[in-house]
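[1] Sequence unavailable; structure follows:
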């Protein structure tokens, strides 16, 4: 296995696209932030690998199926490619909170799937960008550096204030990418 590349792992809902307390259940409801699509493309063009780790318990709850989720992810990939970028891998958890799986964030299973899919030895030093504490917690055991964005549930997470020691905070994904590309 190779050493870790420059890797940024993104949560989906609230980071890449608008989140909804009633779930993003269809392609019509999947509304990407234009600045997030452009930011992913900028990362790719700058030599960074981008992956997505997303809880999708709406599948277990019967709100949508895996084919609908695949259509959303195909559209995400299409938009990112049209902007000149690429998403190397998307890992998702279709389970509900009661399903006792090992992939639902805050557990690290999705990030382990990304590590294995990208044939990485480690995720140590990669970035985990999310809008909730559980996103950031998923990266902790694997050595990911935590970034909270204020979009989605980010403001609510920030207001709660718990578990945010050593977490970098940015207005949105584009602001994080600006910082990352300017400082690295």
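    Good, I have the coordinates. Since this is a predicted model, take the numbers as computed values, not measurements. Residues are numbered from 1 along each chain as shown.
[2] From now on I want contacts and neighbour counts done on CA atoms only, so please keep to that.
    Noted.
[3] Which stretches in the chain count as helices?
    34-45, 66-82, 109-117, 133-139, 154-160, 173-183 (DSSP state H).
[4] looking at those, which is closest to residue 11?
    For residue 11, the closest of the helices of the chain is helix 133-139, at 6.7 Å, according to C-alpha to C-alpha.
[5] Report the mean per-residue pLDDT for that closest one.
    Looking at helix 133-139 alone, the average pLDDT works out to 97.
[6] do stretch 71-79 as well
    98.
[7] do stretch 164-182 as well
    Across stretch 164-182, pLDDT averages out at 97.
[8] Any regions of the chain where pLDDT drops low?
    Applying pLDDT under 70 to the chain picks out residues 1-5, 184.
[9] Who are the packing partners of the longest strand along the chain?
    Longest strand in the chain, counting residues (DSSP state E): strand 49-55. Contact analysis of strand 49-55 by 3 or more C-alpha pairs under 8 Å, 6 or more residues apart in numbering; DSSP states H and E lists strand 7-10, helix 34-45, strand 89-93, helix 109-117 as its packing neighbours.
[10] which of these is buried the deepest?
    Most buried of the helices and strands packed on strand 49-55 by mean neighbour count (mean count of other C-alpha atoms under 10 Å) is strand 7-10; its value is a mean of 24.
[11] now for that one, which elements pack on it?
    Other elements packing on strand 7-10 under the criterion 3+ C-alpha pairs under 8 Å, 6+ apart are strand 49-55, strand 127-130.
[12] Thank you, goodbye.
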